[in-house]
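Chemist: Return a 3D structure for these sequence lines:
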Amino acid sequence: MDQFVLLMLVLLGALITVPLGERLGLPSPVLMTLLGIVLAVLPFVPNVDVPPGIVLPLLLPPLLYAAVQHTSWRQFAANWQPIFLLAVALVFVTTAAVAAVAHALVPGLPLAAAVALGALVAPPDPVAATAVAGRLGLPRRMVSLLEGEGLFNDVTAIVLYHVAIAAAVTGTFSWPGALSEFVLSAGVAVAVGLALGWLGGRLMALLGDATLQVGLSLLVPFVSYALAEEWHGSGVLAVLTSAFYLSDRMSDADDVLGRFAATTFWQVVDTLVTGVAFGLIGLELHAVFGTVHGRLGTVLLWSAAVVGVVVLVRLVWLLPAAWLARKMRAPGHEDTEIPLSWRETVVMWWAGMRGVASVALALAIPLETEDGGAFPGRPVIVFVAFAVILTTLVVQGLTLPWLVGRLGVKADTAAERELEKRLAIRAGRAAKRRLREIDEAEDLPEDVMEVLSRRLMDLGPRISPEAADEERREAYEQRVRRVKLLRRVQGEMMSAARQAVLEARRDPSADPVVVSRVLRRLDARSLR
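Modeler: Below you'll find the predicted structure:
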(Lines give C-alpha, C1' and ligand atoms only; values in the text may rest on other atoms or scores of the structure.)
Protein backbone atom coordinates (compact mmCIF):
# COMPACT_ATOMS: atom_id res chain seq x y z
CA MET A 1 0.00 0.00 0.00
CA ASP A 2 1.38 3.41 -0.94
CA GLN A 3 0.71 6.86 0.52
CA PHE A 4 -2.00 7.73 -2.04
CA VAL A 5 -4.04 4.61 -1.29
CA LEU A 6 -3.69 5.35 2.43
CA LEU A 7 -5.00 8.88 1.86
CA MET A 8 -8.02 7.52 -0.03
CA LEU A 9 -8.74 5.12 2.85
CA VAL A 10 -8.58 7.96 5.36
CA LEU A 11 -10.92 10.11 3.22
CA LEU A 12 -13.35 7.20 2.94
CA GLY A 13 -13.16 6.75 6.70
CA ALA A 14 -13.93 10.45 7.18
CA LEU A 15 -17.24 9.91 5.39
CA ILE A 16 -18.17 6.58 6.94
CA THR A 17 -17.46 7.60 10.55
CA VAL A 18 -20.07 10.38 10.41
CA PRO A 19 -23.17 8.13 10.11
CA LEU A 20 -21.42 5.42 12.13
CA GLY A 21 -20.77 7.86 14.96
CA GLU A 22 -24.40 9.00 14.92
CA ARG A 23 -25.57 5.40 15.11
CA LEU A 24 -23.18 4.50 17.93
CA GLY A 25 -23.56 7.80 19.75
CA LEU A 26 -19.83 8.54 19.45
CA PRO A 27 -18.06 11.61 18.02
CA SER A 28 -16.71 11.09 14.50
CA PRO A 29 -13.30 12.72 15.33
CA VAL A 30 -12.77 10.12 18.04
CA LEU A 31 -13.69 7.31 15.66
CA MET A 32 -11.29 8.68 13.04
CA THR A 33 -8.49 8.75 15.60
CA LEU A 34 -9.20 5.15 16.54
CA LEU A 35 -9.28 4.21 12.84
CA GLY A 36 -5.88 5.86 12.39
CA ILE A 37 -4.50 3.85 15.34
CA VAL A 38 -5.81 0.60 13.84
CA LEU A 39 -4.28 1.41 10.44
CA ALA A 40 -0.97 2.38 12.09
CA VAL A 41 -0.47 -1.05 13.65
CA LEU A 42 -1.27 -3.02 10.49
CA PRO A 43 1.99 -4.31 8.98
CA PHE A 44 1.05 -3.56 5.36
CA VAL A 45 0.15 0.10 6.06
CA PRO A 46 3.12 2.43 5.42
CA ASN A 47 4.32 5.06 7.87
CA VAL A 48 2.87 8.49 7.14
CA ASP A 49 5.34 10.65 5.25
CA VAL A 50 4.02 14.20 5.65
CA PRO A 51 6.57 17.04 5.88
CA PRO A 52 5.94 18.73 9.27
CA GLY A 53 6.07 22.20 7.75
CA ILE A 54 2.96 21.68 5.60
CA VAL A 55 0.63 20.19 8.21
CA LEU A 56 -0.54 23.50 9.67
CA PRO A 57 -0.82 25.38 6.32
CA LEU A 58 -2.82 22.53 4.76
CA LEU A 59 -5.20 21.66 7.60
CA LEU A 60 -5.82 24.74 9.73
CA PRO A 61 -7.00 27.33 7.12
CA PRO A 62 -10.00 25.35 5.80
CA LEU A 63 -10.94 24.08 9.26
CA LEU A 64 -10.91 27.57 10.78
CA TYR A 65 -12.73 29.13 7.83
CA ALA A 66 -15.44 26.45 8.02
CA ALA A 67 -15.79 26.95 11.78
CA VAL A 68 -16.36 30.70 11.36
CA GLN A 69 -19.38 29.98 9.12
CA HIS A 70 -21.29 28.87 12.22
CA THR A 71 -20.74 32.01 14.24
CA SER A 72 -20.39 35.80 13.93
CA TRP A 73 -17.95 38.50 14.91
CA ARG A 74 -20.58 40.37 16.93
CA GLN A 75 -21.14 37.27 19.03
CA PHE A 76 -17.46 37.25 19.97
CA ALA A 77 -17.36 41.00 20.53
CA ALA A 78 -20.27 40.73 22.97
CA ASN A 79 -18.55 37.94 24.91
CA TRP A 80 -14.91 38.92 24.81
CA GLN A 81 -14.42 38.60 28.57
CA PRO A 82 -15.06 34.84 29.00
CA ILE A 83 -13.35 34.13 25.66
CA PHE A 84 -10.29 36.12 26.76
CA LEU A 85 -10.14 34.21 30.05
CA LEU A 86 -10.16 30.92 28.15
CA ALA A 87 -8.40 31.70 24.87
CA VAL A 88 -5.55 33.83 26.19
CA ALA A 89 -5.21 33.64 29.95
CA LEU A 90 -5.76 29.87 30.26
CA VAL A 91 -3.25 29.17 27.46
CA PHE A 92 -0.58 31.15 29.36
CA VAL A 93 -1.39 29.43 32.65
CA THR A 94 -1.39 25.93 31.10
CA THR A 95 1.86 26.61 29.26
CA ALA A 96 3.56 27.79 32.46
CA ALA A 97 2.32 24.84 34.53
CA VAL A 98 3.31 22.20 31.95
CA ALA A 99 6.70 23.85 31.40
CA ALA A 100 7.43 23.84 35.13
CA VAL A 101 6.51 20.16 35.55
CA ALA A 102 8.31 19.00 32.40
CA HIS A 103 11.45 20.98 33.24
CA ALA A 104 11.51 19.45 36.71
CA LEU A 105 10.80 15.86 35.62
CA VAL A 106 12.76 15.38 32.39
CA PRO A 107 16.53 15.39 32.97
CA GLY A 108 18.39 17.81 30.73
CA LEU A 109 15.26 19.40 29.22
CA PRO A 110 15.92 23.16 28.84
CA LEU A 111 13.27 25.58 30.04
CA ALA A 112 12.71 26.90 26.50
CA ALA A 113 11.99 23.38 25.20
CA ALA A 114 9.67 22.78 28.16
CA VAL A 115 7.79 26.00 27.31
CA ALA A 116 7.45 24.79 23.72
CA LEU A 117 5.87 21.57 25.03
CA GLY A 118 3.52 23.57 27.24
CA ALA A 119 2.48 25.84 24.37
CA LEU A 120 1.72 23.02 21.95
CA VAL A 121 -0.47 21.07 24.42
CA ALA A 122 -2.18 24.16 25.87
CA PRO A 123 -4.86 24.92 23.25
CA PRO A 124 -7.98 22.72 23.14
CA ASP A 125 -8.89 21.85 19.58
CA PRO A 126 -11.83 23.83 18.11
CA VAL A 127 -12.79 21.08 15.70
CA ALA A 128 -12.81 18.30 18.28
CA ALA A 129 -14.64 20.30 20.93
CA THR A 130 -17.40 21.63 18.69
CA ALA A 131 -17.78 18.36 16.78
CA VAL A 132 -18.32 16.54 20.05
CA ALA A 133 -20.26 19.21 21.94
CA GLY A 134 -22.43 20.24 19.01
CA ARG A 135 -24.10 16.80 18.85
CA LEU A 136 -24.94 16.55 22.56
CA GLY A 137 -27.72 19.11 22.78
CA LEU A 138 -25.71 21.47 24.98
CA PRO A 139 -26.87 25.05 25.61
CA ARG A 140 -25.95 27.24 22.65
CA ARG A 141 -23.95 29.62 24.86
CA MET A 142 -21.64 26.74 25.87
CA VAL A 143 -21.08 25.63 22.27
CA SER A 144 -20.40 29.25 21.28
CA LEU A 145 -17.91 29.64 24.12
CA LEU A 146 -16.13 26.44 23.08
CA GLU A 147 -16.02 27.73 19.50
CA GLY A 148 -14.63 31.07 20.64
CA GLU A 149 -12.02 29.46 22.83
CA GLY A 150 -11.01 27.03 20.09
CA LEU A 151 -10.73 29.69 17.41
CA PHE A 152 -8.62 32.16 19.36
CA ASN A 153 -6.51 30.00 21.66
CA ASP A 154 -4.51 28.68 18.69
CA VAL A 155 -3.33 32.24 18.01
CA THR A 156 -1.93 32.63 21.52
CA ALA A 157 -0.44 29.14 21.69
CA ILE A 158 1.25 29.27 18.28
CA VAL A 159 2.92 32.62 19.02
CA LEU A 160 4.15 31.28 22.39
CA TYR A 161 5.37 28.14 20.64
CA HIS A 162 7.37 30.08 18.04
CA VAL A 163 8.99 32.25 20.73
CA ALA A 164 9.97 29.16 22.77
CA ILE A 165 11.30 27.29 19.72
CA ALA A 166 13.38 30.30 18.69
CA ALA A 167 14.83 30.50 22.20
CA ALA A 168 15.65 26.76 22.23
CA VAL A 169 17.25 26.87 18.77
CA THR A 170 19.34 30.02 19.33
CA GLY A 171 19.95 29.65 23.06
CA THR A 172 18.87 33.24 23.75
CA PHE A 173 15.63 34.77 24.98
CA SER A 174 14.42 38.31 25.54
CA TRP A 175 11.13 39.26 27.19
CA PRO A 176 10.90 42.61 25.34
CA GLY A 177 11.64 40.81 22.09
CA ALA A 178 9.00 38.17 22.78
CA LEU A 179 6.38 40.79 23.63
CA SER A 180 7.14 42.86 20.55
CA GLU A 181 6.95 39.71 18.41
CA PHE A 182 3.55 38.92 19.91
CA VAL A 183 2.19 42.41 19.14
CA LEU A 184 3.76 42.50 15.67
CA SER A 185 2.39 39.06 14.82
CA ALA A 186 -1.13 40.10 15.78
CA GLY A 187 -0.93 43.45 13.94
CA VAL A 188 0.35 41.90 10.72
CA ALA A 189 -2.29 39.17 10.88
CA VAL A 190 -5.20 41.58 11.35
CA ALA A 191 -3.94 43.83 8.53
CA VAL A 192 -3.53 40.90 6.13
CA GLY A 193 -6.91 39.42 7.11
CA LEU A 194 -8.77 42.70 6.63
CA ALA A 195 -7.05 43.42 3.31
CA LEU A 196 -7.78 39.98 1.89
CA GLY A 197 -11.30 40.03 3.28
CA TRP A 198 -11.99 43.35 1.53
CA LEU A 199 -10.35 42.15 -1.69
CA GLY A 200 -12.19 38.84 -1.53
CA GLY A 201 -15.53 40.63 -1.12
CA ARG A 202 -14.84 42.81 -4.16
CA LEU A 203 -13.78 39.84 -6.27
CA MET A 204 -16.86 37.83 -5.27
CA ALA A 205 -19.12 40.69 -6.33
CA LEU A 206 -17.19 40.88 -9.62
CA LEU A 207 -17.36 37.12 -10.29
CA GLY A 208 -21.09 36.89 -9.65
CA ASP A 209 -21.39 33.16 -10.40
CA ALA A 210 -21.93 31.04 -7.27
CA THR A 211 -19.48 28.36 -8.43
CA LEU A 212 -16.68 30.88 -8.89
CA GLN A 213 -17.47 32.57 -5.58
CA VAL A 214 -17.25 29.26 -3.71
CA GLY A 215 -13.94 28.55 -5.42
CA LEU A 216 -12.61 31.93 -4.32
CA SER A 217 -13.78 31.29 -0.75
CA LEU A 218 -11.55 28.20 -0.73
CA LEU A 219 -8.51 30.24 -1.78
CA VAL A 220 -8.96 33.12 0.69
CA PRO A 221 -8.06 31.20 3.91
CA PHE A 222 -4.97 29.62 2.34
CA VAL A 223 -3.73 32.92 0.93
CA SER A 224 -4.44 34.70 4.23
CA TYR A 225 -2.46 32.12 6.17
CA ALA A 226 0.47 32.03 3.73
CA LEU A 227 0.85 35.82 3.44
CA ALA A 228 0.62 36.40 7.18
CA GLU A 229 3.22 33.72 7.89
CA GLU A 230 5.47 35.09 5.15
CA TRP A 231 5.40 38.53 6.80
CA HIS A 232 5.96 37.10 10.32
CA GLY A 233 2.33 37.41 11.36
CA SER A 234 -0.09 34.88 12.82
CA GLY A 235 -1.58 32.84 9.99
CA VAL A 236 -4.37 31.59 12.25
CA LEU A 237 -5.45 35.11 13.23
CA ALA A 238 -5.27 36.25 9.60
CA VAL A 239 -7.62 33.43 8.52
CA LEU A 240 -10.06 34.28 11.31
CA THR A 241 -10.00 37.98 10.43
CA SER A 242 -10.64 37.45 6.72
CA ALA A 243 -13.34 34.85 7.44
CA PHE A 244 -15.16 37.12 9.91
CA TYR A 245 -14.91 40.05 7.49
CA LEU A 246 -16.39 38.09 4.60
CA SER A 247 -19.15 36.48 6.66
CA ASP A 248 -20.14 39.89 8.01
CA ARG A 249 -20.08 41.74 4.68
CA MET A 250 -21.24 39.10 2.22
CA SER A 251 -24.92 39.15 3.17
CA ASP A 252 -26.97 39.41 -0.05
CA ALA A 253 -30.48 38.41 1.02
CA ASP A 254 -31.39 37.36 -2.53
CA ASP A 255 -28.36 35.12 -3.15
CA VAL A 256 -30.21 31.93 -2.21
CA LEU A 257 -28.37 29.62 -4.60
CA GLY A 258 -25.01 31.10 -3.62
CA ARG A 259 -25.62 30.45 0.08
CA PHE A 260 -26.88 26.95 -0.67
CA ALA A 261 -23.80 26.13 -2.77
CA ALA A 262 -21.35 27.63 -0.25
CA THR A 263 -22.95 25.87 2.72
CA THR A 264 -22.89 22.50 0.97
CA PHE A 265 -19.31 22.95 -0.23
CA TRP A 266 -17.92 23.93 3.16
CA GLN A 267 -19.75 21.08 4.89
CA VAL A 268 -17.99 18.65 2.53
CA VAL A 269 -14.60 20.33 3.06
CA ASP A 270 -15.07 20.39 6.84
CA THR A 271 -15.97 16.69 6.94
CA LEU A 272 -13.06 15.54 4.76
CA VAL A 273 -10.35 17.75 6.26
CA THR A 274 -11.48 16.97 9.81
CA GLY A 275 -11.31 13.26 9.04
CA VAL A 276 -7.80 13.56 7.58
CA ALA A 277 -6.62 15.62 10.55
CA PHE A 278 -7.80 13.18 13.20
CA GLY A 279 -6.83 10.15 11.15
CA LEU A 280 -3.33 11.62 11.01
CA ILE A 281 -3.21 11.68 14.82
CA GLY A 282 -3.75 7.95 14.98
CA LEU A 283 -1.45 7.16 12.05
CA GLU A 284 1.45 9.03 13.61
CA LEU A 285 1.24 6.93 16.77
CA HIS A 286 3.46 4.13 15.45
CA ALA A 287 6.28 6.50 14.53
CA VAL A 288 5.99 8.34 17.85
CA PHE A 289 6.44 5.11 19.85
CA GLY A 290 9.64 4.45 17.95
CA THR A 291 11.19 7.70 19.20
CA VAL A 292 11.40 6.52 22.83
CA HIS A 293 12.54 2.96 22.29
CA GLY A 294 14.20 1.55 25.39
CA ARG A 295 12.73 3.97 27.96
CA LEU A 296 9.00 3.65 27.29
CA GLY A 297 8.03 3.14 30.94
CA THR A 298 9.80 6.27 32.16
CA VAL A 299 8.42 8.44 29.36
CA LEU A 300 4.91 7.10 30.02
CA LEU A 301 5.22 8.28 33.64
CA TRP A 302 6.31 11.73 32.48
CA SER A 303 3.42 11.76 30.02
CA ALA A 304 0.93 10.84 32.74
CA ALA A 305 2.19 13.72 34.87
CA VAL A 306 1.79 16.22 32.01
CA VAL A 307 -1.69 14.88 31.15
CA GLY A 308 -2.70 15.34 34.78
CA VAL A 309 -1.40 18.91 34.79
CA VAL A 310 -3.21 19.77 31.54
CA VAL A 311 -6.52 18.36 32.76
CA LEU A 312 -6.37 19.68 36.34
CA VAL A 313 -5.18 23.18 35.42
CA ARG A 314 -8.21 23.60 33.18
CA LEU A 315 -10.59 22.66 36.00
CA VAL A 316 -8.80 24.77 38.62
CA TRP A 317 -8.84 27.74 36.25
CA LEU A 318 -12.41 27.35 34.97
CA LEU A 319 -14.14 27.34 38.36
CA PRO A 320 -12.98 30.82 39.45
CA ALA A 321 -12.88 32.12 35.85
CA ALA A 322 -16.57 31.31 35.30
CA TRP A 323 -17.44 33.03 38.60
CA LEU A 324 -15.32 36.07 37.65
CA ALA A 325 -16.87 36.28 34.18
CA ARG A 326 -20.37 36.28 35.72
CA LYS A 327 -19.34 39.07 38.11
CA MET A 328 -17.86 41.08 35.21
CA ARG A 329 -20.96 40.64 33.07
CA ALA A 330 -22.44 43.99 32.14
CA PRO A 331 -26.07 44.77 33.12
CA GLY A 332 -28.44 43.83 30.33
CA HIS A 333 -26.15 41.06 29.04
CA GLU A 334 -27.62 38.15 30.96
CA ASP A 335 -27.54 36.02 27.80
CA THR A 336 -23.78 36.18 27.37
CA GLU A 337 -22.06 32.84 26.88
CA ILE A 338 -20.93 32.03 30.42
CA PRO A 339 -21.47 28.72 32.22
CA LEU A 340 -24.34 29.38 34.62
CA SER A 341 -23.77 26.51 37.06
CA TRP A 342 -21.06 24.21 38.32
CA ARG A 343 -22.50 21.44 36.13
CA GLU A 344 -21.97 23.50 32.97
CA THR A 345 -18.49 24.43 34.17
CA VAL A 346 -17.62 20.75 34.63
CA VAL A 347 -18.82 19.98 31.09
CA MET A 348 -16.75 22.89 29.77
CA TRP A 349 -13.74 21.43 31.60
CA TRP A 350 -14.15 17.92 30.22
CA ALA A 351 -14.69 19.23 26.67
CA GLY A 352 -11.11 20.59 26.53
CA MET A 353 -9.75 18.02 24.06
CA ARG A 354 -6.48 18.54 22.19
CA GLY A 355 -6.17 17.81 18.49
CA VAL A 356 -4.95 19.07 15.12
CA ALA A 357 -2.96 22.14 16.16
CA SER A 358 -1.07 20.20 18.85
CA VAL A 359 -0.18 17.44 16.37
CA ALA A 360 1.06 19.92 13.77
CA LEU A 361 3.13 21.88 16.27
CA ALA A 362 4.69 18.71 17.72
CA LEU A 363 5.66 17.45 14.27
CA ALA A 364 7.04 20.87 13.30
CA ILE A 365 9.68 20.95 16.09
CA PRO A 366 13.08 21.41 14.40
CA LEU A 367 15.49 18.50 14.33
CA GLU A 368 18.56 20.65 15.07
CA THR A 369 19.55 23.80 16.91
CA GLU A 370 21.45 26.72 15.45
CA ASP A 371 24.84 25.24 16.38
CA GLY A 372 24.08 21.93 14.60
CA GLY A 373 23.23 19.88 17.67
CA ALA A 374 20.03 17.86 18.11
CA PHE A 375 17.01 19.78 19.39
CA PRO A 376 16.99 19.10 23.15
CA GLY A 377 14.42 16.53 24.19
CA ARG A 378 12.59 16.41 20.85
CA PRO A 379 11.63 12.68 21.03
CA VAL A 380 10.29 13.09 24.55
CA ILE A 381 8.37 16.28 23.67
CA VAL A 382 6.71 14.62 20.66
CA PHE A 383 5.80 11.51 22.64
CA VAL A 384 4.36 13.47 25.58
CA ALA A 385 2.40 15.70 23.20
CA PHE A 386 0.80 12.69 21.53
CA ALA A 387 0.03 11.16 24.90
CA VAL A 388 -1.86 14.33 25.89
CA ILE A 389 -3.70 14.42 22.54
CA LEU A 390 -4.76 10.78 22.59
CA THR A 391 -5.74 10.76 26.26
CA THR A 392 -7.86 13.90 26.08
CA LEU A 393 -9.34 13.12 22.68
CA VAL A 394 -10.19 9.45 23.20
CA VAL A 395 -10.92 9.32 26.94
CA GLN A 396 -12.69 12.66 27.25
CA GLY A 397 -14.32 12.40 23.82
CA LEU A 398 -15.80 8.98 24.58
CA THR A 399 -16.98 9.86 28.09
CA LEU A 400 -18.29 13.38 27.44
CA PRO A 401 -21.74 12.17 26.27
CA TRP A 402 -22.07 10.10 29.46
CA LEU A 403 -21.00 13.06 31.61
CA VAL A 404 -23.47 15.42 29.91
CA GLY A 405 -26.30 12.96 30.49
CA ARG A 406 -25.23 12.31 34.08
CA LEU A 407 -25.13 16.01 34.95
CA GLY A 408 -28.33 16.79 33.07
CA VAL A 409 -26.89 19.69 31.07
CA LYS A 410 -29.30 20.41 28.21
CA ALA A 411 -30.11 23.18 25.82
CA ASP A 412 -32.82 25.62 26.84
CA THR A 413 -35.30 24.60 24.15
CA ALA A 414 -37.95 26.96 25.48
CA ALA A 415 -35.64 29.94 24.99
CA GLU A 416 -34.73 28.70 21.51
CA ARG A 417 -38.40 28.38 20.55
CA GLU A 418 -39.07 31.87 21.90
CA LEU A 419 -36.23 33.32 19.83
CA GLU A 420 -37.48 31.40 16.79
CA LYS A 421 -40.95 32.84 17.35
CA ARG A 422 -39.63 36.42 17.62
CA LEU A 423 -37.62 36.02 14.42
CA ALA A 424 -40.66 34.58 12.60
CA ILE A 425 -42.80 37.54 13.69
CA ARG A 426 -40.06 39.96 12.68
CA ALA A 427 -39.76 38.33 9.23
CA GLY A 428 -43.53 38.35 8.76
CA ARG A 429 -43.82 42.05 9.65
CA ALA A 430 -41.05 42.94 7.22
CA ALA A 431 -42.75 41.02 4.41
CA LYS A 432 -46.14 42.59 5.24
CA ARG A 433 -44.64 46.08 5.30
CA ARG A 434 -43.01 45.53 1.91
CA LEU A 435 -46.25 44.19 0.41
CA ARG A 436 -48.09 47.29 1.60
CA GLU A 437 -45.43 49.57 0.08
CA ILE A 438 -45.65 47.80 -3.29
CA ASP A 439 -49.46 47.92 -3.26
CA GLU A 440 -49.42 51.67 -2.58
CA ALA A 441 -46.91 52.27 -5.36
CA GLU A 442 -48.36 49.92 -8.03
CA ASP A 443 -52.01 49.38 -6.98
CA LEU A 444 -51.87 45.59 -7.22
CA PRO A 445 -54.95 43.73 -8.56
CA GLU A 446 -57.27 42.36 -5.88
CA ASP A 447 -56.78 38.72 -6.84
CA VAL A 448 -53.00 39.13 -6.66
CA MET A 449 -53.28 40.83 -3.26
CA GLU A 450 -55.51 38.01 -2.03
CA VAL A 451 -52.98 35.34 -3.04
CA LEU A 452 -50.05 37.26 -1.58
CA SER A 453 -51.90 38.00 1.66
CA ARG A 454 -52.76 34.33 2.07
CA ARG A 455 -49.13 33.37 1.51
CA LEU A 456 -48.10 36.06 3.99
CA MET A 457 -50.32 34.52 6.65
CA ASP A 458 -48.46 31.24 6.19
CA LEU A 459 -45.01 32.81 6.44
CA GLY A 460 -44.84 33.05 10.24
CA PRO A 461 -46.14 29.53 11.01
CA ARG A 462 -43.88 28.11 8.30
CA ILE A 463 -40.84 29.54 10.08
CA SER A 464 -42.07 28.82 13.59
CA PRO A 465 -45.42 27.19 14.54
CA GLU A 466 -45.31 29.18 17.81
CA ALA A 467 -45.78 32.40 15.82
CA ALA A 468 -49.48 31.67 15.09
CA ASP A 469 -52.56 31.18 17.25
CA GLU A 470 -54.34 27.81 17.47
CA GLU A 471 -56.89 28.51 14.73
CA ARG A 472 -54.26 29.75 12.29
CA ARG A 473 -52.02 26.78 13.11
CA GLU A 474 -54.79 24.30 12.28
CA ALA A 475 -55.58 26.09 9.02
CA TYR A 476 -51.90 26.18 8.18
CA GLU A 477 -51.50 22.47 8.90
CA GLN A 478 -54.38 21.68 6.52
CA ARG A 479 -52.76 23.75 3.80
CA VAL A 480 -49.44 22.04 4.50
CA ARG A 481 -51.04 18.64 3.85
CA ARG A 482 -52.43 19.87 0.53
CA VAL A 483 -49.10 21.44 -0.40
CA LYS A 484 -47.26 18.20 0.41
CA LEU A 485 -49.57 16.32 -1.95
CA LEU A 486 -49.03 18.94 -4.64
CA ARG A 487 -45.26 18.87 -4.15
CA ARG A 488 -45.12 15.09 -4.26
CA VAL A 489 -46.94 14.93 -7.57
CA GLN A 490 -45.05 17.91 -8.95
CA GLY A 491 -41.78 16.34 -7.77
CA GLU A 492 -42.51 13.18 -9.71
CA MET A 493 -43.36 15.27 -12.78
CA MET A 494 -40.10 17.20 -12.50
CA SER A 495 -38.18 13.96 -11.96
CA ALA A 496 -39.60 12.60 -15.21
CA ALA A 497 -38.62 15.83 -16.96
CA ARG A 498 -35.04 15.63 -15.65
CA GLN A 499 -34.80 11.96 -16.62
CA ALA A 500 -35.85 12.79 -20.17
CA VAL A 501 -33.16 15.46 -20.41
CA LEU A 502 -30.53 13.13 -18.94
CA GLU A 503 -31.40 10.48 -21.53
CA ALA A 504 -30.66 13.05 -24.23
CA ARG A 505 -26.96 12.75 -23.28
CA ARG A 506 -26.92 9.38 -25.02
CA ASP A 507 -28.00 10.97 -28.30
CA PRO A 508 -24.84 11.71 -30.35
CA SER A 509 -26.54 14.70 -31.96
CA ALA A 510 -27.29 16.38 -28.60
CA ASP A 511 -24.83 19.04 -27.49
CA PRO A 512 -23.83 18.08 -23.88
CA VAL A 513 -23.34 21.75 -22.98
CA VAL A 514 -26.93 22.53 -23.94
CA VAL A 515 -28.15 19.43 -22.11
CA SER A 516 -26.30 20.51 -18.94
CA ARG A 517 -27.70 24.03 -19.23
CA VAL A 518 -31.30 22.78 -19.52
CA LEU A 519 -30.74 20.32 -16.68
CA ARG A 520 -29.34 23.08 -14.46
CA ARG A 521 -32.45 25.19 -15.10
CA LEU A 522 -34.69 22.24 -14.22
CA ASP A 523 -32.67 21.68 -11.03
CA ALA A 524 -33.00 25.36 -10.08
CA ARG A 525 -36.74 25.18 -10.72
CA SER A 526 -36.98 22.04 -8.58
CA LEU A 527 -35.06 23.77 -5.80
CA ARG A 528 -37.50 26.66 -5.78
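
Chemist: contacts and neighbour counts: CA atoms only from here.
Modeler: Will do.

Chemist: I'd assumed residue 232 was in a helix, is it?
Modeler: No: counting by DSSP: H, G, I helix; E, B strand; the rest coil, residue 232 is not found in a helix; it is coil.

Chemist: these two touch, right, it and residue 187?
Modeler: No: the pair residue 232 and residue 187 does not pass the contact test of C-alpha atoms under 8 Å, sitting 10.0 Å apart.

Chemist: For residue 319, grab the count of nearby residues.
Modeler: 16 (other C-alpha atoms under 10 Å).

Chemist: err, residue 440, not the other one
Modeler: 10.

Chemist: Any figure for the gap between it and residue 434?
Modeler: Distance, residue 440 to residue 434, using C-alpha to C-alpha, to the nearest Å: 10 Å.

Chemist: who are the neighbours in contact with residue 266?
Modeler: Going by C-alpha atoms under 8 Å, 6 or more residues apart in numbering, residue 266 touches residue 66.

Chemist: State the pLDDT value of it.
Modeler: What the model reports for residue 266 is a pLDDT of 85.

Chemist: repeat for residue 155
Modeler: Residue 155 is assigned a predicted lDDT (pLDDT) of 77.

Chemist: Am I right that it is in contact with residue 234?
Modeler: Yes: proximity of residue 155 to residue 234 meets the contact threshold set by C-alpha under 8 Å, at 6.7 Å.

Chemist: which of the two has more neighbours?
Modeler: Neighbours per residue (other C-alpha under 10 Å) separate residue 155 from residue 234, with residue 234 holding more: 30 against 25.

Chemist: need the helices for the stretch 151-300 of the chain, in chain order.
Modeler: Applying DSSP state H, counting those that start in this stretch to the stretch 151-300 of the chain gives helices spanning 175-207, 210-230, 235-249, 256-283, 285-290, 296-328.

Chemist: And the contacts of the second one?
Modeler: Outside helix 210-230, the residues within contact range by C-alpha under 8 Å, 6+ apart are 57-58, 61-62, 65, 188-189, 192-193, 196-197, 200, 204, 207, 234-236, 238-239, 242-243, 257-258, 261-262, 265.

Chemist: Now do the domain split for the chain, please.
Modeler: With automatic domain parsing as the criterion, the domains of the chain are listed as 3-411, 412-468, 482-528.

Chemist: ok, of the ones you listed, where does mean pLDDT dip lowest?
Modeler: Minimum mean pLDDT among the domains of the chain: domain 412-468, a mean of 71.

Chemist: contacting residues around residue 100?
Modeler: 111, 114.

Chemist: my read is it is in a helix, agree?
Modeler: Yes: Residue 100: assigned to a helix according to three-state DSSP.

Chemist: So it versus residue 352, what's the distance?
Modeler: Distance from residue 100 to residue 352, by C-alpha to C-alpha: 21 Å.

Chemist: Roughly how far does residue 175 sit from residue 16?
Modeler: Residue 175 is 48 Å from residue 16, by C-alpha to C-alpha.

Chemist: Neighbour count: the two, which is higher?
Modeler: residue 16 (15 against 9).

Chemist: Now that one. Its backbone dihedrals?
Modeler: Main-chain torsions, residue 16, degrees, to the nearest 10: phi -70, psi -30.

Chemist: From residue 47, how far off is it?
Modeler: 23 Å.

Chemist: give me every residue that touches residue 36.
Modeler: Residues in contact with residue 36, defined by C-alpha under 8 Å, 6+ apart, are 10, 278, 279, 280, 281, 282, 283.

Chemist: so which helix or strand takes in the one residue sitting closest to the centre of the chain?
Modeler: Of all residues in the chain, the one closest to the mean position by C-alpha atoms, centre = their mean is residue 67, 3.1 Å from it. Counting by DSSP states H and E, the element that carries residue 67 is helix 55-68.
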